[in-house]
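> Return a 3D structure for these sequence lines:
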Amino acid sequence: MAINDDLTFEVNENGERVMVRSIESISRAYLRFTNRTTRPVDVSWRDFNGSRRQYMCLEPGTSYDINTYLTHPWEFTDRATRESYMINNSPIFRAPANIGGMMYRTNWNITVGVRTLRQTALLSVALTVPDVANVPELGLPRSLEEELMKLIIELKNMPPATD
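Numbers count the residues shown, from 1 in each chain. Predicted coordinates for the structure are as follows:
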């Protein structure tokens, strides 16, 4: 089942804007995704229509072996904040062509992309403030206060992991 109907587009090697989606392939890829973040990560792939399909949730520090195809795009997002995570500094991962058909697994580390100082500070504070009721006591500017409250609520409402 698709987790949303939002389609994603990227620019290909010819400079054309194309939809991110799976393409028919017979070249298998045996992968291991390792979550190198400190957060639960939702692992999803794009089907042949470009719809995003939830695959699993990968807890911090854990790995998962997957058999896929070279042309299947994978995405990784923070379970609570929906922040995009990366493999090789890219939010969309496709197995490289040179591993197609290999009969052994290759490991791919899921990492946090480069965050702004603002994003990093907000997440850090959100993880230490126990409740949104405590936010006004911090004396932050209104815009930061609102962002922080929203983030705290997102973190508290984080859905449980479903594999």
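> show me where pLDDT drops low in this structure?
Applying pLDDT under 70 to the chain flags residues 1-5, 159-163.
> Please, where are all the helices along the chain?
With DSSP state H as the definition, the chain shows helices at residue ranges 117-128, 142-156.
> Adding mean neighbour count, write these out as a markdown table.
To be clear about C-beta, it is placed using only N, CA and C from the backbone, and glycine gets the same treatment. Formatted as a markdown table, the helices of the chain follow (neighbours: other CB atoms under 10 Å):
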| stretch | mean neighbour count |
| --- | --- |
| helix 117-128 | 14 |
| helix 142-156 | 15 |
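> To R94, which of these lies closest?
Proximity to R94 (CB to CB) singles out helix 117-128 among the helices of the chain, at 26.2 Å.
> and M103, what does it touch?
Residues in contact with M103, defined by CB atoms under 8 Å, 6 or more residues apart in numbering, are Y30.
> swap in Y104?
Here Y104 is in contact with Y30 (CB under 8 Å, 6+ apart).
> Relative to T34, how far out is it?
Distance, Y104 to T34, by CB to CB, to the nearest Å: 16 Å.
> And for G15?
For G15, the distance to T34 - CB to CB - is 33 Å.
> And these two? Which one has more around it.
The residue with more neighbours, out of G15 and T34, is T34; 16 against 6, by other CB atoms under 10 Å.
> R52: which of the helices of the chain is closest?
helix 142-156 (18.7 Å).
> who are the neighbours of that closest one, in terms of helices and strands?
Contacts defined by 3 or more CB pairs under 8 Å, 6 or more residues apart in numbering; DSSP states H and E place helix 142-156 against helix 117-128.
> Which residue ranges make up the domains of this protein?
Using automatic domain parsing, the domain parsing of the chain gives 2-112, 117-156.
> Go through stretch 32-39 and flag the buried ones.
By neighbour count on 16 or more other CB atoms under 10 Å, the buried set for stretch 32-39 is 33-35, 37, 39.
> Now intersect the residues you listed with the strands, please.
Residues of those located in strands (DSSP state E): 33-35.
> contacting residues around the residue nearest to E59 when sequence neighbours are not counted?
Once flanking residues are discounted, E59 sits nearest to P40: 5.6 Å by CB to CB, 6 or more residues apart in numbering. By CB under 8 Å, 6+ apart, the contact set of P40 is 57-60, 78-80, 158, 161.
> ok, now how distant is P40 from N12?
In this view, P40 and N12 are 32 Å apart by CB to CB.
> Equivalent analysis for I153, please.
Distance from I153 to N12, by CB to CB: 38 Å.
> and what of D6?
19 Å.
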